[in-house]
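>>> Okay, predicted coordinates and the sequence, questions at the end:
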Amino acid sequence: MKWLVNTNWLVKDFWDFEPIKKWVEYIWDHAYICHKWDEVWEFLDKKWYKVAFLKCEATAENMCKILYDDIKNRFSNTFTDKIYKVRIYETPTSYAEFIW
């Protein structure tokens, strides 16, 4: 398999992911992530906390798939490399993955 490398001899420079990182931080970082309205959301809404709603249950597995689809759709013009895996850590040793 032939790898395409940039001038720094990296397969992909970490800084190339900066738009995706900023977008994920904007929608999910320090947010209460939920599937539907609940009492916690109502309390947080009154306190002006950040809340993110998902189209499905808020599990790490579902969030991996949502993130993969959103990256593919939202960044297809600026991030043309193929994303083949998304991993979300629940703890330092436990994670979920979506592999294309």
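Received the coordinates, thanks.

>>> now the protein, which segments are flagged as low pLDDT?
For the chain, residues meeting the criterion pLDDT under 70 lie at 1-14, 38, 77-81.

>>> buried ones in whichever helix in the chain runs longest?
Within the chain, and with DSSP state H defining each element, the longest helix by residue count is helix 60-74. Buried residues in helix 60-74, counting neighbours by 16 or more other Cβ atoms under 10 Å, are found at A60, N62, M63, C64, K65, I66, L67, Y68, I71. All C-beta spots, glycine's among them, are computed from the backbone N, C-alpha and C.

>>> so how far is K72 from V24?
Computed as Cβ to Cβ, to the nearest Å, the V24 to K72 distance reads 14 Å.

>>> right, I mislabeled it, should have said A58
The value you get for A58 to K72, if Cβ to Cβ is used, is 20 Å.

>>> next one: T93
Counting by Cβ to Cβ, the gap from T93 to K72 is 28 Å.

>>> what does T91 give?
Distance of T91 to K72, given as Cβ to Cβ: 27 Å.

>>> Skipping adjacent residues, who's closest to the residue most central in space within the chain in space?
Compute the mean C-alpha point of the chain, and by Cα atoms, centre = their mean the closest residue is L67, 4.1 Å away. When the adjacent residues along the chain are set aside, L67 lies closest to V86, with 5.1 Å between them (Cβ to Cβ, 6 or more residues apart in numbering).

>>> Mind listing what's buried along the one helix or strand the one you found maps to?
In this assignment (DSSP states H and E), V86 forms part of strand 85-91. Residues of strand 85-91 classed as buried: V86, I88 (neighbour count, 16+ other Cβ under 10 Å).

>>> CA atoms only for it, dumped as CSV, please.
Provided in CSV are the C-alpha atoms of strand 85-91 (Å, rounded to 0.1, in the frame of the first residue of the first chain):
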residue,chain,number,x,y,z
LYS,A,85,-13.1,5.3,11.8
VAL,A,86,-14.5,7.4,14.6
ARG,A,87,-13.8,6.6,18.2
ILE,A,88,-15.3,8.2,21.3
TYR,A,89,-13.9,7.4,24.7
GLU,A,90,-16.3,7.0,27.7
THR,A,91,-13.4,6.4,30.1
